[in-house]
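Chemist: coordinates only, sequence not included:
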């Protein structure tokens, strides 16, 4: 489907799914406010029929202010035009003058909208779901009185504490030591699950803790039984390798302490499982010997022992995985039950519950009530929408009978750490009836816009996805609107820095050291500009 430039003043208002790709600085909020104004004036819709969804409370307040301001500006222009038709610098005047609607009707619609602006439906996605579930409790089959809580971590930690008591308290000391090898407290185990959506299908499927633990206990017994036959010779050989510099300094300095911990465990004198990550490397070193050479009895014993050690480590890792899978299954089972028992509702639960209700057999009456309430839905920052949220929007307003506008910057959705889901954006893109883009950047100066266009236009597929193309934008500002001057010269708006080759053997920088060098370079550049009395001419409103 061809993507077209979206003109907020002249583009026809189309029913169905309208996807507007809006890069940073191209006027997303301006476009939304203009669309609201046009639906009020051109279509005669009331404010209550227009739904706007964004993703922060601050954004909802900003949108409310901008929409109110736009409505008032249009009303003042309409009143002035009715009196003397004087020209105005407002960008709304050409739009108002070409409308084939009586001036009295335009004024009436605008006045009504301004009076009703405090009743406008401008929500976060969580606020929308809460409003709908409370407004239609019978159709949604919801409890009438539920407390909405923002932080469910205490509830989650209580559930994890109960799992810990169930899985640990009745076991032997040796079994508990193996279970606690990586996650030594309930808090650490819960922390390992952060960022995992435990409501989704999890792979691999859980096998259960007990079968893996029984195999690991048997392997531990074999390991401890064989230890005395290899301990002394093994210590001598590894000590020699440490002295000859075969290992990194951090391991070499802590070798004797690590050895004592290992010796205590493998001798059965201590139940605490030592850290074995370094021994994985050791086992590879000691097993490497020329093929065809006969090994003495000590080397044969060491090889058997290290193969056994490898099995032990693998089974220990598997036990930690099964512990986490069991924790996820326990959370999934207990969370909703306990929240409902306490008449509590989380923000995530609001969305999940709304999504579930729209999939159920009795969903048609609920959908019909919501669809009758709203004629238009505008979704701001759509790139931050996940699959469940998009499913809600599409089921309610994507059938072609409503005006559904999705406004966002898909380039921001490639950063998974923001919680965005680029594939949800692609799914919406495939369902869109109309594709648009905003082409004017109102925030940056022409030099910076040209630099960005050059940087990304030089690659056939800069974002790696065929569905995500780079569309150059045009600077709406002038060069004089914003730049930095150093020693009488305009500083280039974009500079590419590259670190020199690292002094490390492989020539690469570690993330920590690279971060430190980059930070120092940025600070040095700022200090240089300040000491040179550089001046900045900033774009108004940037």
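Modeler: Received, thanks. Given the structure is predicted, the values throughout are model-derived calculations rather than measurements. Numbers count the residues shown, from 1 in each chain.
Chemist: Give me the below-cutoff pLDDT ranges for the stretch 151-300 of the chain.
Modeler: 199, 276-300 (pLDDT under 70).
Chemist: Do you know the pLDDT at residue 475?
Modeler: According to the prediction, residue 475 has pLDDT 87.
Chemist: what does residue 419 give?
Modeler: 58.
Chemist: Then residue 305?
Modeler: 60.
Chemist: Averaged pLDDT, stretch 501-518. What do you get?
Modeler: In the prediction, stretch 501-518 has an average pLDDT of 79.
Chemist: what's the closest non-adjacent residue to residue 157?
Modeler: For residue 157, ignoring the flanking residues on the chain, the nearest one in space by C-beta to C-beta, 6 or more residues apart in numbering is residue 190 at 5.8 Å. All C-beta spots, glycine's among them, are computed from the backbone N, C-alpha and C.
Chemist: quick one: buried residues of the helix or strand harbouring that neighbour?
Modeler: Secondary structure from DSSP states H and E places residue 190 in helix 186-191. Residues of helix 186-191 classed as buried: 186, 189-190 (neighbour count, 16 or more other C-beta atoms under 10 Å).
Chemist: of all those, which comes closest to residue 371?
Modeler: residue 190 (40.5 Å; C-beta to C-beta).
Chemist: pretty sure the closest one is touching residue 160, no?
Modeler: Yes. Counting by C-beta atoms under 8 Å, residue 190 does reach residue 160; the two are 4.4 Å apart.
Chemist: So for these two, which residues contact both of them?
Modeler: residue 327 (C-beta atoms under 8 Å, 6 or more residues apart in numbering).
Chemist: thinking again about what came up before, who does the helix or strand following the helix holding residue 190 touch, helix- and strand-wise?
Modeler: Reading on from helix 186-191 to the C-terminus, the next helix or strand found by DSSP H and E is helix 209-227. Judged by 3 or more C-beta pairs under 8 Å, 6 or more residues apart in numbering; DSSP states H and E, helix 209-227 is in contact with helix 173-179, helix 255-266, helix 297-341.
Chemist: try it again with 10 Å
Modeler: helix 153-168, helix 173-179, helix 255-266, helix 297-341 (3 or more C-beta pairs under 10 Å, 6 or more residues apart in numbering; DSSP states H and E).
Chemist: Serialize those helices to CSV and add fields for distance to residue 442 and mean neighbour count.
Modeler: Shown next, in CSV, are the helices and strands packed on helix 209-227 (distance: least, C-beta to C-beta, whole Å; neighbours: other C-beta atoms under 10 Å):
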stretch, distance to residue 442, mean neighbour count
helix 153-168, 41, 16
helix 173-179, 58, 17
helix 255-266, 60, 16
helix 297-341, 45, 17
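Chemist: Residue 457 is nearest to which of those helices?
Modeler: Of those, nearest to residue 457 by C-beta to C-beta is helix 297-341, at 44.5 Å.
Chemist: which residues touch the helix or strand following the closest one?
Modeler: Counting by DSSP H and E, the next helix or strand C-terminal to helix 297-341 is strand 344-346. Applying C-beta atoms under 10 Å, 6 or more residues apart in numbering, the external contacts of strand 344-346 come out as 126, 129-130, 133, 142-143, 146-152, 155-156, 335-336, 338-339, 352-353.
Chemist: For the helix or strand following strand 344-346, name the packing helices and strands.
Modeler: Next along the chain after strand 344-346, taking DSSP H and E as the criterion, comes helix 347-357. Using 3+ C-beta pairs under 10 Å, 6+ apart, the elements in contact with helix 347-357 are helix 125-135, helix 137-140, strand 147-149, helix 297-341, strand 344-346, helix 363-373, helix 387-397.
Chemist: now helix 347-357 against helix 387-397, angle please.
Modeler: Orientation of helix 347-357 against helix 387-397 (axes from the mean of the first three to the mean of the last three C-alpha atoms, to 10 degrees) gives an angle of 50 degrees.
Chemist: got the angle for helix 347-357 vs helix 363-373?
Modeler: Using the same axes, to 10 degrees: helix 347-357 against helix 363-373 is 110 degrees.
Chemist: Determine how far helix 347-357 lies from the middle of the whole chain.
Modeler: 18 Å (C-alpha atoms, centre = their mean, to the nearest Å).
Chemist: What mean pLDDT does it get?
Modeler: The average pLDDT within helix 347-357 is 85.
Chemist: What are the buried residues along it?
Modeler: 347, 349-351, 353-355, 357.
Chemist: Mind putting these into JSON lines with distance to residue 392?
Modeler: Below are these laid out as JSON lines (distance: C-beta to C-beta, whole Å):
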{"residue": "347", "distance to residue 392": "14"}
{"residue": "349", "distance to residue 392": "14"}
{"residue": "350", "distance to residue 392": "10"}
{"residue": "351", "distance to residue 392": "7"}
{"residue": "353", "distance to residue 392": "11"}
{"residue": "354", "distance to residue 392": "6"}
{"residue": "355", "distance to residue 392": "6"}
{"residue": "357", "distance to residue 392": "9"}
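Chemist: any idea which helix or strand comes after the one helix or strand residue 456 maps to?
Modeler: Assigned by DSSP H and E, residue 456 belongs to helix 446-457. Using DSSP H and E, the helix or strand that follows helix 446-457 towards the C-terminus is strand 474-475.
Chemist: by contact count, what packs against that following strand?
Modeler: Judged by 3+ C-beta pairs under 10 Å, 6+ apart, strand 474-475 is in contact with strand 440-441, helix 446-457.
Chemist: just to revisit the earlier point, can you list contacts of the helix holding residue 456?
Modeler: Helix 446-457 is contacted by residues 23-25, 411, 440-441, 443-445, 462-463, 469-483, 490-496, 539 when judged by C-beta under 10 Å, 6+ apart.
Chemist: can you do 8 Å?
Modeler: Applying C-beta under 8 Å, 6+ apart, the contact partners of helix 446-457 are 441, 444, 462, 470, 472-475, 477-479, 483, 490, 492-494.
Chemist: Stretch 208-217 now?
Modeler: 167, 174-175, 178-179, 312, 315-316, 318-319, 322-323, 326.
Chemist: Mind doing that once more with 6 Å?
Modeler: By C-beta atoms under 6 Å, 6 or more residues apart in numbering, the surrounding residues in contact with stretch 208-217 are 178, 315, 318-319, 322, 326.
Chemist: which one among these gets closest to residue 63?
Modeler: Among the contacts of stretch 208-217, and counting by C-beta to C-beta, the member closest to residue 63 is residue 326, at 44.5 Å.
Chemist: residue contacts, that closest one?
Modeler: residue 209.
Chemist: Would you check how far apart it and residue 478 are?
Modeler: For residue 326, the distance to residue 478 equals 63 Å [C-beta to C-beta, to the nearest Å].
Chemist: thinking again about what came up before, can you give me the buried ones in the helix holding residue 456?
Modeler: 446-453.
Chemist: try stretch 51-61
Modeler: Within stretch 51-61, the residues that count as buried by 16+ other C-beta under 10 Å are 51-55, 59-60.
Chemist: picking that back up, could the helices and strands packed on helix 209-227 go into CSV alongside distance to residue 503?
Modeler: What follows is these, written out as CSV (distance: least, C-beta to C-beta, whole Å):
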stretch, distance to residue 503
helix 153-168, 44
helix 173-179, 42
helix 255-266, 26
helix 297-341, 34
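Chemist: just so I know, which of these lies nearest residue 526?
Modeler: Nearest of those (C-beta to C-beta): helix 153-168, 38.2 Å.
Chemist: What's the per-residue pLDDT of residue 302 here?
Modeler: For residue 302, the predicted pLDDT is 57.
Chemist: same thing with residue 25?
Modeler: 90.
Chemist: repeat for residue 37
Modeler: 97.
Chemist: wait, isn't it in contact with residue 68?
Modeler: No. Taking contacts as C-beta atoms under 6 Å, residue 37 lies outside contact range of residue 68: 10.7 Å.
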